[in-house]
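Q: test case, fold it:
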Amino acid sequence: MELSIIYSRAAVGIEAPLVQVETHLGNGLPSFQIVGLPETAVRESRDRVRCALQQTHFEFPDRRITVNLAPADLPKEGGRFDLPIALGILAASGQLPASALTDHEFVGELALSGAVRPVPGIIPAALACSAAGRALVTPAASAPLAAAVPGSRIIATEDLLTLCAHLNGRHRLAVEEH
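A: Modelled structure (predicted):
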């Protein structure tokens, strides 16, 4: 597969609008572009994602990578899209099964080591995710807040490698339901 779609949530005040993280791997000179009105911290995720994938021993594709954060007119800020961007690259390059990602939404900033760091606005994201009927994958440090949302299904992860093992069916993470 050369195209993947991962669900995430933006943080706009007390709202958490849906963001589709569309990742395409194409032919041509290797590059990595993020489009869809990203602010500086989101554009910098290219470096965090590249390092995190390499540190966790995944292959970083030597191709033309385009990540679209849709809708394009919604401002995107912070590191909250690092995790879905990394998973999008892994799915588009065939390193993760795309079918394992469809019933989930993902938020989290990646450390260069692959650790998943907390992000602000986790409660609105959990509310919106619960209303959409999907499980929210969140940094472990944010899980207690997210799990307090009625009707939520929360999967907490410490790092990218553990989450990928869960998504590949090798090591199951607990699902907290409220």
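Q: got the phi/psi numbers for Ala147?
A: phi -70, psi -20 (degrees, to the nearest 10).
Q: ok, it - how many residues close by?
A: 18 (other C-beta atoms under 10 Å). (Glycine included, C-beta is placed from N, CA and C.)
Q: then the one 5 residues further on?
A: Residue neighbour count, defined by other C-beta under 10 Å, stands at 21 for Ser152.
Q: that one and Ala146 touch, don't they?
A: Yes. With contact defined as C-beta atoms under 8 Å, Ser152 reaches Ala146; the gap is 6.2 Å.
Q: which residues do the two both contact?
A: Both Ser152 and Ala146 are contacted by Ala126, Leu136, under the criterion C-beta atoms under 8 Å, 6 or more residues apart in numbering.
Q: secondary structure class for Val116?
A: Here Val116 is recorded as strand under DSSP: H, G, I helix; E, B strand; the rest coil.
Q: for it, list each beta-bridge partner.
A: For Val116, the beta-bridge partners are Leu110 (DSSP bridges).
Q: where does the chain have low pLDDT?
A: Within the chain, the stretches with pLDDT under 70 are 1.
Q: now do the longest strand along it: distance to the chain's middle.
A: Longest strand in the chain, counting residues (DSSP state E): strand 18-26. Strand 18-26 sits 10 Å away from the centroid of its parent chain (C-alpha atoms, centre = their mean, to the nearest Å).
Q: with only the CA atoms kept, save that strand in CSV.
A: Taking Å, rounded to 0.1, in the frame of the first residue of the first chain, the C-alpha atoms of strand 18-26 are listed here in CSV:
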residue,chain,number,x,y,z
LEU,A,18,-11.3,15.3,13.3
VAL,A,19,-8.1,15.4,11.3
GLN,A,20,-7.4,12.8,8.7
VAL,A,21,-3.6,12.2,8.4
GLU,A,22,-3.2,11.0,4.8
THR,A,23,0.2,9.6,3.9
HIS,A,24,1.4,8.9,0.4
LEU,A,25,4.6,7.3,-0.7
GLY,A,26,5.5,8.2,-4.2
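Q: understood, closing this out.
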